[in-house]
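Novice: Whatever this is, show me its structure:
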Amino acid sequence: MDATNRINDLIAITGHLVELMTQENAALRAKRPEDVATLLEKKVSLGRAYESRVQGLVEKPDSLAQVDQALRQRLRGLGEKMHGLMEENARLLKVAIEVGRRVVESVSEAVKSSQPGPGTYSANGAVGTPSNGAAPRNLAISVDQSL
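Specialist: Numbering: from 1, shown residues only. Next comes the predicted model:
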């Protein structure tokens, strides 16, 4: 495959990746993890296709000189847009991961605090346990979604 065809392929693939990352970022902002999960497979396949086209150019760097300057500029512009979307995506994913971690931590702490503690010794040496040895069945949990 010649360099011009590879650049055209890269432009098409990068365009699809830009659309996909825009959708994923919107889903992350809207707190719709199920939508993010459905985009993952397509993102991986586009990433592999992108990588294979770039690898072909890396193997023959001199061939880029033959590619029209306008095509190279178009690819560069898409690459810059993609870079910005990837940075935003990384920030949004970090926030989503941190929120998930905090929710799990809060639930874990609520469960731990609702468990009955060990019994204590009374004045006559008997072990006194809480009146009900089981954890409450209706544990209330609230989630602050301010992040």
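
Novice: Over to the residue nearest to residue 39 when sequence neighbours are not counted: give its phi and psi.
Specialist: Leaving aside its sequence neighbours, residue 39 sits nearest to residue 24 (C-beta to C-beta, 6 or more residues apart in numbering; 5.1 Å). (Glycine included, C-beta is placed from N, CA and C.) Backbone geometry at residue 24, expressed as degrees, to the nearest 10, gives phi -60, psi -40.

Novice: How many residues are close by residue 24?
Specialist: 24 (other C-beta atoms under 10 Å).

Novice: and it, what is it in contact with?
Specialist: 35-36, 39, 43, 89 (C-beta atoms under 8 Å, 6 or more residues apart in numbering).

Novice: let's see 10 Å
Specialist: 32, 35-40, 42-43, 85, 88-89, 92-93 (C-beta atoms under 10 Å, 6 or more residues apart in numbering).

Novice: If you rank these by neighbours, which is first?
Specialist: Neighbour-wise, the contacts of residue 24 (other C-beta under 10 Å) top out at residue 36, 21 neighbours.

Novice: Can you classify that one as helix, strand or coil?
Specialist: The three-state label given to residue 36 by DSSP: H, G, I helix; E, B strand; the rest coil is helix.

Novice: Verify the stated contact: it with residue 96.
Specialist: Yes: using C-beta atoms under 10 Å, residue 36 is in contact with residue 96, at 8.1 Å.

Novice: Identify the contacts common to those two.
Specialist: Common neighbours of residue 36 and residue 96 (C-beta under 10 Å, 6+ apart) are 27-28.

Novice: List the residues that contact the residue nearest the centre of the chain.
Specialist: Among the residues of the chain, the one closest to the centroid is residue 93, at 3.9 Å (C-alpha atoms, centre = their mean). Going by C-beta under 10 Å, 6+ apart, residue 93 touches 24-25, 28, 36.

Novice: which element is it on?
Specialist: helix 69-114 (DSSP states H and E).

Novice: That helix - what's its average pLDDT?
Specialist: Here helix 69-114 scores 91 as its mean pLDDT.

Novice: just how off-centre is it within its chain?
Specialist: 5 Å (C-alpha atoms, centre = their mean, to the nearest Å).

Novice: same question, stretch 52-61
Specialist: 28 Å.
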